[in-house]
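sharing a model that was predicted from the sequence below.
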Amino acid sequence: MPAIYELPIQVALEDIDPLGHVNNVTYLQWMQSAALAHSAAQGWPHEAYVLLGAGWVVRSHTIEYLQPAYSGDSVVVVTWVADMKKVTSLRRYRIVRRTLRETGPHEALLATASTDWAFVDFNSRLPRRISPEVSRSFEIVDHPVS
């Protein structure tokens, strides 16, 4: 059960916008995919939340783009849970391009991001206290991941 989860991605041609680099909406899709994969790795796939009758919805996203990504790049979305309160949780991300150079592995930071999630009851659609079995499944990483 990894506290810090890594989702490898190979940038595809359909990820590219008219300016020739990865579209900003694609970064959001990568973030959501990484969050869902991390949750599943912690024992909480979508089906488990359905059985519980509650799960996560996005309150807000913040992304700071630092360098572009291009078709064919090998990208890794690194994510972790930075905070968990009564009904909300803050998840952070580092999106990096990893390459192998003559001098060894190289990593370029493409973006940093965060998502503020709210835990909601699926029937009432209202915020609900995060279930203890959910909160116990995620280790809080309160320091920046480099």
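Perfect, thanks for sending it.

who are the packing partners of the longest strand anywhere in the chain?
For the chain, the longest strand by residue count, based on DSSP state E, is strand 104-121. Using 3 or more CB pairs under 8 Å, 6 or more residues apart in numbering; DSSP states H and E as the contact criterion, the secondary-structure elements in contact with strand 104-121 are helix 24-41, strand 54-65, strand 88-101. For every residue, glycine as well, the C-beta is placed using N, CA and C.

6 Å instead?
Applying 3 or more CB pairs under 6 Å, 6 or more residues apart in numbering; DSSP states H and E, one finds that strand 104-121 contacts strand 54-65, strand 88-101.

which of these sits closest to Ser74?
Ser74 sits nearest to strand 88-101 of all the helices and strands packed on strand 104-121, at 5.5 Å, using CB to CB.

may I see the buried residues of that closest one?
Taking 16 or more other CB atoms under 10 Å as the neighbour-count basis, strand 88-101 is seen to contain the buried residues 89-97.

show me how far it is from its chain's centre.
Its chain's C-alpha centre and that of strand 88-101 lie 8 Å apart, by CA atoms, centre = their mean, to the nearest Å.

one more: stretch 115-131?
Taking the mean C-alpha point of stretch 115-131 and that of its whole chain, the gap between them comes to 18 Å (CA atoms, centre = their mean).

list the buried ones in stretch 74-92?
Of the residues in stretch 74-92, those buried under the neighbour-count criterion (16+ other CB under 10 Å) are 75-82, 84, 89-92.

start and end of that stretch, how far apart?
Its start and end residues considered, stretch 74-92 measures 20 Å (CA to CA, to the nearest Å).

equivalent analysis for stretch 44-57, please.
The distance separating the two terminal residues of stretch 44-57, taken as CA to CA, comes to 14 Å.

many thanks, I have nothing further to ask.
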